[in-house]
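Chemist: sequence first, predicted coordinates after that:
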Amino acid sequence: DSLQFKASYFDTKAKDYITTNVTMKLGFGPQGPYCISCTTSSINIDHAKIWGWDAVLSYHTPLFDWDLAYNRTRGKDQASSGWLSNINPDTITSRLDVPLGATGLSIGQVATFAQRMTSVTTATTEQAGYGVNNFYLSYKGRGYAKNFTSTLMLSNAFDKEYYSPQGIPQEGRNAKLLVSYQW
């Protein structure tokens with residue numbers, strides 16, 4: 001067994017920071033929500049400060065691997081002291097990977113939990129917190145296929161409706177097939 005802990009702090013003073021402003025007027029029809037009037041614009045902030053920290057706890061055994069990560073990021077416009085509204089909220093991510101014997105196959109879950117977004121400008125709507133679960137079946141090649149990996153993933157498995165810090169709807173339930181070969 002092994003147990004690892006890593007943490008880091010960051011503090012950045014950015015010149016000419018580019019952020020986005022998204023305005024959305026949504027309608028609802030038989031196919032679900034649709035955009036009636038939506039615009040995205042880029043905004044230049046002369047001086048911004050972004051700071052925060054990351055921490056990761058990893059526990060590895062022959063039976064499973066588990067990683068738990070926490071991220072806290074904040075950002076402010078230094079001229080107005082207003083919050084940067086495109087910064088992600090506090091987030092906890094848990095990844096559990098369980099190998100299926102010596103087959104090269106493993107099953108797993110990646111769960112992401114985000115806190116309610118409250119550090120926003122007055123022009124930006126606060127976003128609700130959310131929890132999203134992804135499940136996967138992965139194969140890592142062995143022997144002659146050692147450079148081959150593939151993953152079948154069911155993302156947002158419980159079809160959670162959630163939004164980015166800018167208020168943009170995120171993907172609903174979907175399936176992905178990822179294949180890679182390294183040489």
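Modeler: Ah, there it is. The shown structure was predicted, so the numbers you read here are calculated from the model rather than taken from an experiment.
Chemist: show me how far stretch 41-51 is from its chain's centre.
Modeler: On the basis of C-alpha atoms, centre = their mean, to the nearest Å, stretch 41-51 sits 21 Å off its chain's mean C-alpha point.
Chemist: okay, buried residues for it please.
Modeler: By neighbour count on 16 or more other C-beta atoms under 10 Å, the buried set for stretch 41-51 is 45, 48-50. Where you see a C-beta, it was placed from the backbone N, CA and C, and this is true even at glycine.
Chemist: lowest-confidence one in these?
Modeler: Lowest in pLDDT among the buried residues of stretch 41-51 is residue 45, which has 88.
Chemist: distance check, it against residue 78.
Modeler: 8 Å (C-beta to C-beta, to the nearest Å).
Chemist: ranges for the strands of this structure?
Modeler: Ranges of strands within the chain are 2-29, 32-60, 65-77, 91-99, 105-114, 130-140, 148-155, 174-181, based on DSSP state E.
Chemist: neighbours of residue 135, how many?
Modeler: Around residue 135 there are 14 other residues, counting by other C-beta atoms under 10 Å.
Chemist: for the one 3 residues further on, same thing?
Modeler: Here the count is done by other C-beta under 10 Å, and residue 138 has 18 residues near it.
Chemist: quick check, central residue of the chain?
Modeler: residue 112 (7.0 Å; C-alpha atoms, centre = their mean).
Chemist: dump the residue contacts of it.
Modeler: 91-93, 131-132, 134 (C-beta atoms under 8 Å, 6 or more residues apart in numbering).
Chemist: pLDDT score for it?
Modeler: Reading off the confidence values, residue 112 has pLDDT 96.
Chemist: and if you look at residue 121?
Modeler: Note on residue 121: pLDDT of 56.
Chemist: in the protein, where is pLDDT below threshold?
Modeler: Counting by pLDDT under 70, the ranges of the chain that qualify are 118-126, 166.
Chemist: 50 instead?
Modeler: Applying pLDDT under 50 to the chain flags no residue at all.
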